[in-house]
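[1] coords please:
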Amino acid sequence: MNGVSRFGGAETQRRVVLRYRSGQYHQEEDVMATEFALTLYVNGEEFATLVCTPTYAEDLVYGFLASEGVIRGVDDVESMQVSLWTGTARVQTKSGAVLSPALYSKRYIGSCCGKGRQSFYFQSDALTARPVQDPVSLSADDVFRAMELLDLSSGLFEETGGVHVAALVRGGELLLARADIGRHNALDKIYGHCLRAGVSLAGTVVAFSGRISSEVLLKVAKIGVGVVIARGAPTLLAVDLAEELNITAIGFVRGRAFNVYSHPWRLADAKKAQGAMEGA
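    Take a look at the predicted model:
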């Protein structure tokens, strides 16, 4: 990575705030999540601006480009230069091709949702989000374990309350976790790491701190994971996409309860209950 930003690439910064408690105001130091804009150039052309947490920037760029269909893997990249000082990432692909406006539209990818989708999919989504064939099977206890591992890796959220966290879990073990102010960025950082490190995704699940939006569901599909487990609820479009893309969507994991919204066949201990419902 070339250079660092004015805050040294730190995930957090400290500021003095005025806090009201028990009927009085007090000045106290608070910890805040860093928000950083990274402008991405591909083959010399500006492609997107990612508003992100300034850590694992290379993983973020690789994951974002792969999820957008610009690259399929690390071998498609000729060079990459990321500078947190200038807030730029410059990528040269081996093809050197100019990106087609018919496949990509220039977007501002914010810490929330950026601009809305122009249609059911962008064309690039249709090319990169394919049905997931992984037959991974898990139990209710596996669901709770995945969320437990997510919570254990959520130190930045506990410190600031200002980030989303995603974790990749297999067989009850944490493979990696990433935090970012942007929910999509956290998933792209996981995707980029897996591409760069050659991590096999067979048998993995994604645990996620927020809700399951349609774009989160599409990111999971592009990574190639068959199960997403979230603290929050899915949207209706996310459930429709999960059905189409063969992904088991599990949400509202609270205490010892959760909801299964799609493809319950991956939950071994849910098959009996489903069979009983169908036979009633």
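[2] when you work out contacts or count neighbours from here on, use the C-alpha atoms and nothing else.
    Will do.
[3] low-confidence ranges, the stretch 51-200 of the chain, go.
    Along the stretch 51-200 of the chain, the model assigns pLDDT under 70 to residues 100-127, 155-162.
[4] need the contact list for the closest residue to residue 72 other than its chain neighbours.
    Take residue 72 and drop its neighbours on the chain: the residue closest to it by Cα to Cα, 6 or more residues apart in numbering is residue 66, 5.5 Å away. Taking Cα atoms under 8 Å, 6 or more residues apart in numbering, we find residue 66 in contact with 72, 73, 192.
[5] restricted to helices, list the residues you listed.
    Mapping those onto helices (DSSP state H) picks out residue 192.
[6] redo the contacts of residue 66 as CSV? Include distance to residue 232.
    Below are those laid out as CSV (distance: Cα to Cα, whole Å):
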residue, distance to residue 232
72, 30
73, 31
192, 24
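[7] what is the nearest of the contacts of residue 66 to residue 55?
    The nearest member of the contacts of residue 66 to residue 55, counting by Cα to Cα, is residue 192 at 12.5 Å.
[8] what's around that closest one, how many residues?
    26 (other Cα atoms under 10 Å).
[9] same thing with the one 4 residues further on?
    Residue 196 has 15 neighbours, counted by other Cα under 10 Å.
[10] ok, it touching residue 72?
    No. Assessed by Cα atoms under 8 Å, residue 196 is found out of contact with residue 72, at 11.4 Å.
[11] wait, what's in contact with the closest residue to residue 253 other than its chain neighbours?
    Spatial nearest neighbour of residue 253, chain neighbours left out: residue 231 (5.0 Å); criterion: Cα to Cα, 6+ apart. Residue 231 makes contacts with 147, 208, 209, 210, 211, 251, 252, 253, 254, as judged by Cα under 8 Å, 6+ apart.
[12] swap the cut-off to 10 Å and go again
    147, 150, 207-212, 250-254, 258 (Cα atoms under 10 Å, 6 or more residues apart in numbering).
[13] show me what the strand or helix carrying residue 188 is packed up against.
    Element membership for residue 188 (DSSP states H and E) is helix 183-197. Under the contact criterion of 3 or more Cα pairs under 10 Å, 6 or more residues apart in numbering; DSSP states H and E, helix 183-197 touches strand 45-52, helix 57-67, strand 164-170, strand 173-180, strand 204-208, helix 214-223.
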